[in-house]
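In: Sequence and predicted structure are below.
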Amino acid sequence: MTMRKPDLFIIGAPKCGTTALSIYLLQHRQIFFCWPKEPTYFAAEFDGYRFIRDETEYRRQFEGANERHLAVGEGSTWYLYSKGAVGRILDFNPDARFIVMLRNPVEMVHSLHNQLFNSCDEDRRDFRRAWNLQDDRKAGRRLPPGCREPSFLYYGDVGRFSEQLERLYASAGRDRVKVILYDDFVEDVSGVYRQTLEFLGVPWDGRTEFPVANASRTMKWPLLSRIAMRPSRLRQAAVGAVKKTLGLEKIGFSDLIQKVNYKVAPRRTMDPDTWTMVQSHYRDDIDALSDMLGRDLGHWHKDETTIAVIDATATDPSVATRWRESGLIAKLHKLGAQPVVLDPQGGDWPDLSAVSSLRGLVGDGEGALVRVEATQLFLDIDIAAAGLARFRNHGGAYFTQWEHCRLPIGIGIRAYDAAMVRGSGAKTFAGLDDYLFANRETLSFLYDDEAHATYQQSLLDSRLVLSNGANEWNLNGFLETSKDTDGLRFEPDVAAGSVDERGMAAAYGFESVACATFPTYVMFDMTNKCNAKCIHCPHSVGFPGSDKPEYIDIEVYKTVIDQCRGKTIDFIRVTADGEPLLHPRIWELLAYAHEQGVGPVGLTSNGSALSEANAGRLMDSKIFMADFSLDAFSEETFELVRRGLSHARTHDNVRRLIEMRNQRNDPLKIMVSFVKQKENVHELDAFKAYWEPLADKVLVREMHTNVGVNDKTDAEGYGEAGRYPCPHLFRRAVADYAGDLKFCPIDWRGGSKLARAADTSIAAAWHGEDYR
């Protein structure tokens, strides 16, 4: 059998997401991808960095490729920078296709510098110093000892993407090149992944999970790594003796050092002056790249001047003594920001500029406005700097380390795009917040999604600690201080229109403080057993577990109901991935909720098991509402749609319940529903005309595919086009017959499981990492 040649090449640029994309492609069953990446075989001019130099050895990397693989590839991120690699690739395989990933070159070379320093190819830890050494290094001076490829240190050249891309287009043509911007990859990794598969002619594999790959790392002890990665004979002899003594002969010393000497951490932030210097170098190249790609990349070279506004609206100048103690002003300077006090009362703020309004504060040159409250003594400069750096590269309107963040209140910052602030015309931050809320559908919001603290710690408010005695004025210092301090909980904003999980007002969020604390809508999937095979239901085609009937455990049900006691519950819905009345203890369970004072409770059923005796039991259970899925008016259509059920029996059961309810003058609400589909839509008017005088409500539902279990063509033309967010995701929790807590009741394949109900409370799952 002829060995397959690679026909897919991810060729750059470094630090632009290529490792993550390579991993995702590697895991596709119909793609063979060389691993580890970076063989760099075709970049002959970078010989010191090439991991494979022999063609036979290179071909051996693809021995596992076979006929089922629709693409065979490798990733070497220095091919794009190389002036000869693409030509050599095309000589090797004229059918080669290329993927190029690019990002803001300022951010890219800064990240690359961090990587080269960690790999000991760079010896200057400070990026600005390394940047300023480029001319010397091009002349062969001041090169790091043992640097594998000096041209990688020519940061100004490495980041000139338009020149590199133009060279690629000239050799390969545009039709065989896919360019991916890192901004798009971060914003919609799933969409970019699917577009990449389309480019390769490979079908989507259903992948929806995309874990982070290749997180930033930093060295704890640089000298230790340099000794490990640039070994001398003396060091080798010494290490060999130690390893033999300890019985560790089989462990690579360099590998061991790599494990113990590196930690995942955000790289050092770039100061604004350096950013401006580097950005000006790339300005013309960014413009050329923008024209080449037909994309507006203006946000890649905007001015990064930052103003930090200390909001003193609710305090007075006496708080400035605390600023000196905590070093707040020094922190803001380290952030690269110009501190200004916002004080509508016109107080005296020594040594600081003060303004009475935001209006006119930011000019045309400013890039961002950072908001800090006067009582943020524990502002954590490292967390704030990492957040601000992310915001600078995002290009959005608003970044926050307050709402929807795992941080105690007051530890982080809020940042606003200066142009947006000017356009808002707001004088105060309250007015600016109103503007954001009113325009939330058109503005871009960015939240800090790092888990800096636990959920319980995020409920604390660092602004309440104004006394002396902190060892550190940062997150760790506050958490240490708060151990012995009571009353540091944030007070929820109960009047807010939407809130985060702590009850803090947010442009996007939970519909109430109660909902943020605990789901106000709890659903039970009682069983997967059904006595029907309705054509719009997965029971008509089968689903995982449909051949093994299960029922919700009595103790699981009661435990969940018990957890709902004393909570604000808008609705308890008892339904099933089948027919809930088939649960052998259904009446006991319905009554239990009422006995515990939990409700209102609603039951959804097909009505087929609602005998006269069961109708009495249903009313005795004191539930609030019963919803019967009927979906047809005539017998012919009913038995076509709701296969396995009798029209006459079901119809009579529901009519009898209505009559019994009326005779008893029972408060039970009765609803009938109709799922629109091509087989029954012609009967909708007749259905409504018949049932509206009898039932309390007739509900017409749109057809859907049950997350792809049913044929999607069944739903075409019977619902609104497009995709819409689930209205219940952040108000509802589901407990099912398998003993799982889930966030989606129509998840017939079990992909939305959060935890086992016997092991985790609803509240813990609600505030767990999956919901974040």
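Out: Great, that's in hand.
In: residue ranges for the strands of the stretch 551-700 of the chain, please.
Out: 571-575, 601-605, 625-629, 669-675, 697-701 (DSSP state E, counting those that start in this stretch).
In: just the stretch 401-550 of the chain next, same as before
Out: With DSSP E, counting those that start in this stretch as the criterion, the stretch 401-550 of the chain has strands at 414-417, 445-447, 521-525.
In: Could you check this structure and say which of its helices or strands has the lowest average pLDDT?
Out: Ranking every helix and strand in the chain by mean pLDDT, DSSP states H and E puts strand 262-264 at the bottom, with a mean of 45.
In: Quick check: next helix or strand after that strand?
Out: Per DSSP states H and E, the first helix or strand lying C-terminal to strand 262-264 is helix 272-293.
In: helices and strands around the helix or strand following that next one, which ones?
Out: Using DSSP H and E, the next helix or strand after helix 272-293 towards the C-terminus is strand 305-311. Under the contact definition 3 or more C-beta pairs under 8 Å, 6 or more residues apart in numbering; DSSP states H and E, strand 305-311 sits against helix 328-334, strand 337-342, strand 366-373. Where you see a C-beta, it was placed from the backbone N, CA and C, and this is true even at glycine.
In: CA atoms of strand 305-311 as PDB?
Out: Taking Å, rounded to 0.1, in the frame of the first residue of the first chain, the C-alpha atoms of strand 305-311 are listed here in PDB:
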ATOM      1  CA  THR A 305      -4.300  55.300  26.300                       C
ATOM      2  CA  THR A 306      -6.300  54.500  29.500                       C
ATOM      3  CA  ILE A 307      -7.900  56.700  32.100                       C
ATOM      4  CA  ALA A 308      -8.800  55.200  35.500                       C
ATOM      5  CA  VAL A 309     -11.700  57.000  37.000                       C
ATOM      6  CA  ILE A 310     -12.100  56.600  40.800                       C
ATOM      7  CA  ASP A 311     -15.800  57.000  41.500                       C
END
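In: how far is it from where the chain is centred?
Out: Relative to its parent chain, strand 305-311 has a centroid offset of 28 Å by C-alpha atoms, centre = their mean, to the nearest Å.
In: quick check: angle from it to strand 366-373?
Out: In terms of direction (axes from the mean of the first three to the mean of the last three C-alpha atoms, to 10 degrees), strand 305-311 departs from strand 366-373 by 20 degrees.
In: Just the C-alpha atoms of the helix or strand just after strand 305-311, please, in CSV.
Out: Counting by DSSP H and E, the next helix or strand C-terminal to strand 305-311 is helix 320-326. Extracted C-alpha coordinates of helix 320-326, given in CSV (Å, rounded to 0.1, in the frame of the first residue of the first chain):
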residue,chain,number,x,y,z
ALA,A,320,-7.7,59.1,50.3
THR,A,321,-5.8,58.2,53.4
ARG,A,322,-6.9,54.6,52.9
TRP,A,323,-5.7,54.8,49.3
ARG,A,324,-2.2,55.6,50.4
GLU,A,325,-2.3,52.7,52.9
SER,A,326,-3.5,50.2,50.3
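In: measure I52 to F33 for me?
Out: I52 is 15 Å from F33, where distance means C-beta to C-beta, to the nearest Å.
In: Give me the more crowded residue out of the two.
Out: A count of neighbours by other C-beta atoms under 10 Å puts F33 above the other of I52 and F33, at 25 against 19.
In: What does the pLDDT read for the more buried one?
Out: F33 is assigned 97 on the pLDDT scale.
In: again, but for the one 5 residues further on
Out: Per-residue confidence for E38 comes out at a pLDDT of 95.
In: State the number of residues packed around it.
Out: 21.
In: Next: S190.
Out: Residues within reach of S190, counting by other C-beta under 10 Å, total 13.
In: Strands of the stretch 101-250 of the chain, start to end?
Out: Listed in chain order, the strands found in the stretch 101-250 of the chain under DSSP E, counting those that start in this stretch are 177-181, 217-219.
In: could you give me the average pLDDT of the first one?
Out: Looking back up the chat, that one is strand 177-181. Mean per-residue pLDDT for strand 177-181: 97.
In: And the contacts of that strand?
Out: Strand 177-181 is contacted from outside by 17, 21, 97-103, 165, 168-169, 192, 195-196, 199, 293, 295, using C-beta atoms under 8 Å, 6 or more residues apart in numbering.
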